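# Sharing a model that was predicted from the sequence below.
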Amino acid sequence: MSTSTEPQSADDIDIEEKPPIQLDVKVESPQACLREVIVTIPQAEVQRYLKEAYDELVPEAQVPGFRNGRAPRKLVEKQFKDRVTEQVKGSLLMDSLSQVTDSQDFSAIGEPDFDYNSINLPDSGDFKYQFQIEVRPEFETPSWKGVELSKPVEEIAADDVQEALDRVLTKYASLEATDGPAEMGDKLLLTAKFEHDGKTLSQMDEERVTLEVRLSFSDGVSEGFGELMTGAKEGESRTGKVSIADGADDEVMRGTEVDATFHVVEVLKRENPELTPAFLEELGDFESEDELRDFVRDSLTRQADYRTQQELRKSVVSLLADSAKFELPESLVKRQTMRELERKVLELRRSGFDEDSIRGFVNASKQNAQVTTEAALREHFILEQIAEEESVDADESDYNAEIALIAQQSDTPERRVRARLEKQGQMDALRNQIVERKVIEMIVEAAKVTEEPVEKKAGEDGGEFAVYHSVLATKDSDAIPEAKYEDNTAAGADKDNDKE
């Protein structure tokens with residue numbers, strides 16, 4: 001008989017898997033996107049985990065008066081009880097949570113919500129704990145093939161390119177202080193104080209704004225800002241009104257008007273730069289004015305495509321949402337508000353919008369954050385379910401294309417854009433917008449589409465400048481709400497344990 005002395009590879013060695021925990025799971029569905037889960041683990045399983053922990057500890061335990069690993073087991077168990085109990089509690093929770101989430105038919109979209117410190121490992125009786133977890137809602141996928149859609153089509157004219165080019169040049173304009181009166185389009189260096197019923201709500205430090213028809217804030221808008229401030233000179237103060245948004249955090253103040261006193265620190269006249277070869281190179285290595293105009297036209301085309309996509313998305317989801325009704329918990333909406341805002345900003349950047357436009361969008365979204373986020377979540381769940389059923393996903397080429405567009409708009413190297421997105425945890429948001437766009441395109445391709453030209457009306461609603469300032473100076477509404485339960489031991493668990 002011959003014996004082999006060759007070493008075994010890792011593939012030849014059977015790694016003993018830890019047996020699953022014997023447990024009982026009860027799941028309740030108080031809301032479509034929320035599950036309340038009670039987990040019961042028999043005492044026998046607790047003892048198994050304790051035994052395994054002590055079996056590992058005893059051979060190496062350091063106990064005064066004994067050589068390492070030579071102390072009696074009973075003495076080791078007594079001395080290290082607290083440490084081992086805490087270790088076993090953590091292991092049981094981690095293993096059982098993994099087992100529960102793998103075995104249940106819900107799809108989690110968040111982490112289990114419980115207070116670790118409130119859960120205790122019992123000396124006798126069953127080990128029980130409970131948690132809440134946010135999940136994707138369950139609904140029947142709406143019928144989407146062959147829907148009827150109206151597709152807005154925008155034409156980019158030469159006048160549109162010139163107007164957009166002028167906006168680009170104003171960002172590089174030289175500014176010169178003047179004693180003269182302010183005119184529309186001038187830059188104003190302002191401070192502001194906001195009051196209601198004689199009480200100061202907030203004060204805005206020096207902010208450089210463009211004199212436009214409206215001035216928007218994170219929670220309100222000054223509709224008559226342009227008319228109010230036209231003619232104002234350095235050192236003057238003027239008092240107007242700011243309408244607080246219906247979606248402001250402070251429910252009492254929603255829809256009210258507050259007094260705003262704007263103080264002009266400086267009036268600045270702008271003079272746009274000439275399109276010299278030196279300036280074109282500085283602006284973005286453009287070799288000619290025509291190349292710059294092509295770049296501007298491309299940005300406008302992407303903006304028009306974005307607006308078309310949003311209108312189609314709105315139409316698609318409104319048609320599908322009627323047959324996919326589900327409630328969204330307020331806690332989920334609040335938690336997702338900032339994430340949804342970041343995702344939309346990312347999409348606006350790749351679609352060719354400048355930072356002034358994006359700032360206005362952010363303010364509009366914050367002014368009605370709950371409604372905006374809830375609508376976006378509904379859209380996401382419906383489109384994501386269709387994507388799964390149709391095997392639609394994002395691949396590396398999709399990521400590369402999105403990053404290239406963002407890099408082009410911000411004149412930043414693609415490598416740096418990718419690194420920033422990865423560092424900020426936004427690659428998942430990028431993936432979502434790619435997948436959702438693909439699903440919309442798939443639905444549109446299978447739809448009965450009627451194209452309708454978009455008629456542009458000059459001076460339709462005037463311009464707007466946006467600043468990031470909360471008039472009401474409220475607390476951070478994006479903070480994660482506190483856990484619902486102070487004690488996550490399952491209701492009645494202690495009583496059950498006491499009986500045994």
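Happy to help now that I have it.
# so which helix or strand takes in Leu268?
strand 257-271 (DSSP states H and E).
# what comes up buried for that strand?
Across strand 257-271, burial judged by 16 or more other C-beta atoms under 10 Å covers Val258, Asp259, Ala260, Phe262, His263, Val264, Glu266, Val267, Leu268, Lys269, Arg270. Yep, even glycine has a C-beta here, placed from its N, CA and C like the rest.
# isn't the second one right next to Ala192, touching?
No: applying C-beta atoms under 8 Å as the test, Asp259 and Ala192 come out as separate, 10.4 Å apart.
# what's the average pLDDT for the strand holding Leu268?
Mean pLDDT, computed over strand 257-271, is 95.
# Quick one: list the elements packing against that strand.
Helices and strands touching strand 257-271, by 3 or more C-beta pairs under 8 Å, 6 or more residues apart in numbering; DSSP states H and E, are strand 174-178, strand 187-196, strand 199-210, helix 225-229, strand 237-244.
# and if we set it to 10 Å?
helix 158-170, strand 174-178, strand 187-196, strand 199-210, strand 214-217, strand 220-222, helix 225-229, strand 237-244 (3 or more C-beta pairs under 10 Å, 6 or more residues apart in numbering; DSSP states H and E).
# which one of the buried residues of strand 257-271 is nearest Val221?
Val221 has its nearest neighbour among these in Ala260, at 10.6 Å by C-beta to C-beta.
# Roughly how far does the closest one sit from Val25?
Noted for Ala260: a distance of 56 Å to Val25, by C-beta to C-beta, to the nearest Å.
# related to what we said a few turns ago, after the strand holding Leu268, which helix or strand is next?
Taking DSSP H and E, what comes next after strand 257-271 is helix 277-284.
# Enumerate the positions of that following helix that are buried.
Quick answer for helix 277-284 (16+ other C-beta under 10 Å): Leu280, Leu283.
# where does it sit relative to the chain's centre, distance-wise?
36 Å (C-alpha atoms, centre = their mean, to the nearest Å).
# Also stretch 289-309?
Relative to its parent chain, stretch 289-309 has a centroid offset of 27 Å by C-alpha atoms, centre = their mean.
# and that stretch, average pLDDT?
For stretch 289-309, mean pLDDT rounds to 91.
# So which bits of it are buried?
Within stretch 289-309, judged by 16+ other C-beta under 10 Å, the buried ones are 292-293, 295-297, 299-300, 302-304, 306, 308-309.
# One more: stretch 194-213?
For stretch 194-213, using 16+ other C-beta under 10 Å, the buried residues are Phe194, His196, Leu201, Ser202, Met204, Glu207, Val209, Thr210, Leu211, Glu212, Val213.
# Quick check: the two most widely separated of those?
Farthest apart among the buried residues of stretch 194-213 - using C-beta to C-beta - are His196 and Thr210, which lie 26.6 Å from each other.
# Phi and psi next, for Arg418.
Main-chain torsions, Arg418, degrees, to the nearest 10: phi -60, psi -40.
# same question, Gln130
According to degrees, to the nearest 10, Gln130 has phi -140, psi 160.
# Just give me the neighbour total for it.
Residue crowding around Gln130 was assessed by other C-beta atoms under 10 Å; the count is 21.
# what's the answer for the one 10 residues further on, then?
The criterion is other C-beta under 10 Å. On that basis, Glu140 has 8 neighbouring residues.
# circling back to that earlier point, which of the buried residues of strand 257-271 lies closest to Glu236?
When those are ranked by distance to Glu236 (C-beta to C-beta), Val264 comes first, at 5.2 Å.
# so what's the closest one bridging to?
Val264 has the following beta-bridge partners by DSSP bridges: Leu190.
# So it sits against Glu234, correct?
Yes: counting by C-beta atoms under 10 Å, Glu234 is a contact partner of Val264 at 5.8 Å.
# joint contacts of these two?
Common neighbours of Val264 and Glu234, using C-beta atoms under 10 Å, 6 or more residues apart in numbering, are Ala182, Leu188, Leu189.
# Let me have these in a markdown table, extended by distance to Pro20.
What follows is the shared contacts of Val264 and Glu234, written out as a markdown table (distance: C-beta to C-beta, whole Å):
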| residue | distance to Pro20 |
| --- | --- |
| Ala182 | 73 |
| Leu188 | 68 |
| Leu189 | 67 |
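# Of those, keep whichever come out buried.
By neighbour count, with 16+ other C-beta under 10 Å, the shared contacts of Val264 and Glu234 hold Ala182, Leu188, Leu189 as buried.
# ok, the last one to Glu183 distance?
Which is Leu189. Relative to Glu183, and taking C-beta to C-beta, Leu189 is found at 15 Å.
# Of the buried residues of stretch 289-309, which belong to strands?
Using DSSP state E, no member of these sits in strands.
# quick one: which of those is nearest to Ile133?
Nearest to Ile133 among the buried residues of stretch 289-309 is Gln309, at 32.8 Å by C-beta to C-beta.
# so the closest one touches Glu347, yeah?
Yes: using C-beta under 10 Å, Gln309 makes contact with Glu347 at a distance of 9.1 Å.
# Please report phi then psi for the nearest residue to Ile386 once chain neighbours are set aside.
With sequence-adjacent residues excluded and distances taken as C-beta to C-beta, 6 or more residues apart in numbering, Ile386 is closest to Val439, at 5.3 Å. Here is the backbone geometry of Val439 (degrees, to the nearest 10): phi -70, psi -40.
# sorry, back to before: Serialize the buried residues of stretch 289-309 to a markdown table and add fields for distance to Ser357.
As requested, those are exported to a markdown table (distance: C-beta to C-beta, whole Å):
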| residue | distance to Ser357 |
| --- | --- |
| Leu292 | 19 |
| Arg293 | 19 |
| Phe295 | 16 |
| Val296 | 14 |
| Arg297 | 17 |
| Ser299 | 11 |
| Leu300 | 12 |
| Arg302 | 12 |
| Gln303 | 8 |
| Ala304 | 13 |
| Tyr306 | 11 |
| Thr308 | 17 |
| Gln309 | 16 |
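# Sort out which one of the residues you listed lies nearest Arg73 for me.
Gln309 (67.9 Å).
# can you pull the contacts of that closest one?
Contacts of Gln309 (C-beta under 10 Å, 6+ apart): Lys151, Glu347, Ser351, Glu436, Arg437, Ile440, Glu441, Val444.
# hmm, back to that, now for the helices and strands packed on strand 257-271, which one comes closest to Val316?
helix 158-170 (27.1 Å).
# how about the closest one: buried residues?
Asp160, Val161, Ala164, Leu165, Leu169, Thr170.
# which outside residues touch that helix?
Against helix 158-170 from outside (C-beta under 10 Å, 6+ apart): 154, 156-157, 173, 185, 187, 210, 270-275, 279, 283, 289, 292-297, 299-301, 303-304, 352, 354, 356-357, 456, 458, 463.
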